[in-house]
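S.K.: Return a 3D structure for these sequence lines:
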Amino acid sequence: MKTKNIIILAFLLHGFLVNAQEIKIKKADKNYEQFAYVDAIKTYEKVAEKGFKSVEVFQKLGNAYYFQSKLAEANKWYGELFAMNQEVLPEYYFRYAQTLKSMGDYKKADAMMEKFYEKSGTDNRAKIGKTQKNYLDEIKKNSGRYRIKNAGINSKFSDYGTSFYKNELVFTSARDTGGIVNKKHKWTNQSYTNLYGAKVSDNGNFEAPEKFSSSVSSKYHESTPVFTQDGNTMYFTRNNFNNGKKGRDSERTILLKLFKATKEVDRWTNVTELPFNSNEYSVAHPALSLDEKTLYFASNMPGTIGGSQSDIFKVSINADGSFGIPQNLGDKINTEGRETFPFVTDNNELYFASDGHPGLGGLDIFVTEFKEDGSVGNIKNVGEPVNSNMDDFAFLIDTKSKNGFVSSNRKEDNVGFDDIYKFTEILPIPKDCEQLLTGVVLDLDTQEPIANAKVTLYDADEKKLKEFTSDNSGKYDFGVVECDTTLKIRAEKETYNTNEISIIIPLESGVTDTKIDLELREKPLKPGDDLRKALGIDIIYFDLDKSNIRPDAAVELAKVLEVMKQYPNMKIDVRAHTDCRQTAKYNEVLSDKRAKSVIAWLVKNGIDTNRLSGKGYGESQLINDCGCEPTNKSNCSEEQHQKNRRSEFIILSN
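M.R.: Residues are numbered from 1 along each chain as shown. As a prediction, this is how the structure comes out:
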């Protein structure tokens, strides 16, 4: 009876413990859903430390750290997740790979990315990754172009997102809220951010940072400002809070919006939100084009490739101050990952942060060029030391002084969570290589141009890129193609055999000119042609010192015979040749006998003698370097000599 009571007690205790764990998990889930990641992590980790294992708990633990950019901690829990060997969504392979990169384990990260490619074939990150498997080599080529150090204006909290304003550097900081109550954000457990300014002193160093403007500060986040060149207009990011009122989305979350403020005397005023904001999506991190007619920003608004992640958009600023319709910058720049913190230089270059393009881990800085035709150039990782294996973002540069700033949560020389780093550009990232691909389609035999041939361009994976029809000169022009790639060109035309060539586009600007020869399927026979070559007939061989028709020669002569029967008016001249061994006189006689043997065989099989003529040329027309004169000796092989013992069938008329 006692034993039975103990068993019952143990069972009840187990049920109590399980129930207690479930209650804790539900509490953590609620915090997680409200983006209170700090509180959610504390509860999840307590449950995990008790030995509780769950795919969902490990996913959320990993995510909670991942969304805070604490990649080392996220790596631990994603590692536990994959150790369970359970089926997970493809996105977790991507996130685990990112955290592995942050730990320097690129080999395992690449293996995880391979799995991600397999499971997410249509994902833009997978498509880009498949074509850039040597991304570390490319990053290495672009590395070492900057000198970088801590900017010296950082606190133990988050400091990031810089902008030039007159003689100040304006940036975002969570160092305090400026009020009696220190209100903290549940996502990070840090104070809400405000704008700070650090003036540049006469010696080039920064003075102590101060609050930039009390008139634009709220009790929620303000961040990432950008200013017009006259210093009178500012665009900035703020939580959905205006005129003392909070705005929430359908899930009761306060998202981000873009605001505009103008300066009157010494005060920023007229704070208004931009018209393309919404309570249902975030809009953040503005940047201006040089002419200030285009505003760039990051958002997860409808049309975002990344869905809940962010893409970079642009919107026109009209002369009357109104705005156009936002446009996504397209899938060459944007992926299903995060593309954010745009910055546009006066050289029309776009710098942005992304974890969707192959990088060193977390967010990396990338650069591309805006072309005159509206397209964008190649996407390039700017390399170390601007990029690290952690989050690197908010790139800013003065192209004249070559000095700039980048924000990062890297471990090196770090004061707080996110820090601002100052850099000097020593060597610019190479400009885009621009190659033009042109060519011509020619007839193989005549080398005359072939008009109206269909010419198709493919990449190395047989993906169709472009199609062109050759003009009257046989020419085609594919325009600009990507440098340092292998491409295929296929030419097709009725009555011709299709031909395909492979070309390597060099890694330098210029023009790659190509030629494709097409061969007629049925070639017309004309006087002067060698019937043997025109019909692909094997050489009519003779044994050494012999003139009799060999069995294999009879097979080939039967082909000549058939053609002459098809063309009853055709006349041919049979020309026989020998190798160089024996004397020239002997070989002339021998070859003449061979010519007569061929003619006799054709006559015997029904060809009128009036249609045939022939002559032996001996060794006077050798087709290789196997000459023997004056010794009648040669070091050539028997196979080489036999190539000279041949017959030709030259069409005289048809």
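S.K.: What does the pLDDT read for residue 190?
M.R.: pLDDT recorded at residue 190 is 59.
S.K.: Can we start the residue count at 15 from this point?
M.R.: Yep, numbering from 15; the last one is residue 204 now.
S.K.: Quick check: the gap between residue 363 and residue 285.
M.R.: Per Cβ to Cβ, to the nearest Å, residue 363 is found 31 Å from residue 285. For glycine as for every other residue, the C-beta is placed from the backbone atoms N, C-alpha and C.
S.K.: Check the gap between residue 164 and residue 499 for me.
M.R.: Counting by Cβ to Cβ, the gap from residue 164 to residue 499 is 40 Å.
S.K.: How about residue 275?
M.R.: Counting by Cβ to Cβ, the gap from residue 275 to residue 499 is 47 Å.
S.K.: ok, these two, which is more surrounded?
M.R.: Taking neighbours as other Cβ atoms under 10 Å, residue 275 and residue 499 compare with residue 275 leading, 21 against 15.
S.K.: hey, which helix or strand in this structure has the poorest pLDDT?
M.R.: Lowest mean confidence among the helices and strands of the chain (mean pLDDT, DSSP states H and E): strand 198-199, at a mean of 52.
S.K.: Just give me the residue closest to the centre of this protein.
M.R.: Nearest to the mean C-alpha position of the chain, by Cα atoms, centre = their mean, lies residue 142 at 4.0 Å.
S.K.: what's near enough to touch the nearest residue to that residue once chain neighbours are set aside?
M.R.: Distance criterion Cβ to Cβ, 6 or more residues apart in numbering; nearest residue to residue 142, sequence neighbours excluded, is residue 371 at 6.1 Å. Residues near residue 371 by Cβ atoms under 8 Å, 6 or more residues apart in numbering: 139, 142, 146, 349, 351, 378, 380, 393, 395.
S.K.: could you redo the last one with a cut-off of 7 Å?
M.R.: 142, 349, 380, 393, 395 (Cβ atoms under 7 Å, 6 or more residues apart in numbering).
S.K.: Buried residues in the helix or strand harbouring residue 52, which are they?
M.R.: Per DSSP states H and E: residue 52 is located in helix 51-63. Judged by neighbour count (16 or more other Cβ atoms under 10 Å), helix 51-63 contains these buried residues: 51, 52, 53, 54, 55, 57, 58, 59, 61, 62.
S.K.: What is the nearest of those to residue 562?
M.R.: Of all the buried residues of helix 51-63, residue 62 has the smallest distance to residue 562: 93.3 Å, by Cβ to Cβ.
S.K.: Does the closest one touch residue 71 like I think?
M.R.: Yes. With contact defined as Cβ atoms under 7 Å, residue 62 and residue 71 form a contacting pair (6.4 Å).
S.K.: which residues does the residue lying closest to residue 315 once chain neighbours are set aside contact?
M.R.: Excluding its sequence neighbours, the residue lying closest to residue 315 (Cβ to Cβ, 6+ apart) is residue 295, at 4.5 Å. By Cβ under 7 Å, 6+ apart, the residues touching residue 295 are 269, 313, 314, 315.
S.K.: top of these by neighbour count?
M.R.: residue 313 (26 neighbours).
S.K.: who's it bridged to?
M.R.: For residue 313, the beta-bridge partners are residue 297, residue 325 (DSSP bridges).
S.K.: for residue 615, helix, strand, or coil?
M.R.: helix (DSSP: H, G, I helix; E, B strand; the rest coil).
S.K.: pretty sure it contacts residue 571?
M.R.: Yes. Applying Cβ under 7 Å, one finds residue 615 in contact with residue 571, separated by 5.8 Å.
S.K.: okay, and the common contacts of those two?
M.R.: With Cβ under 7 Å, 6+ apart, residue 615 and residue 571 have common neighbours residue 563.
S.K.: one step back: mind picking the one among the contacts of residue 371 that's closest to residue 156?
M.R.: Using Cβ to Cβ, residue 395 comes nearest to residue 156 of these, at 6.1 Å.
S.K.: so what's the closest one closest to, chain neighbours aside?
M.R.: Distances taken as Cβ to Cβ, 6+ apart place residue 153 nearest to residue 395, at 4.8 Å, with adjacent residues excluded.
S.K.: isn't there a helix covering that neighbour?
M.R.: Yes. Counting by three-state DSSP, residue 153 falls inside a helix.
S.K.: What does residue 186 show for phi and psi?
M.R.: When read as degrees, to the nearest 10, the backbone of residue 186 gives phi -100, psi 140.
S.K.: ignore the last one, residue 132
M.R.: According to degrees, to the nearest 10, residue 132 has phi -60, psi -40.
S.K.: per-domain residue ranges of the protein.
M.R.: Listed domain ranges for the chain are 16-151, 160-439, 449-532, 545-667 (source: automatic domain parsing).
S.K.: Tell me, please, where in the stretch 515-664 of the chain the pLDDT is lower than the cut-off.
M.R.: Flagging of the stretch 515-664 of the chain using pLDDT under 70 yields the residue ranges 552, 556, 558.
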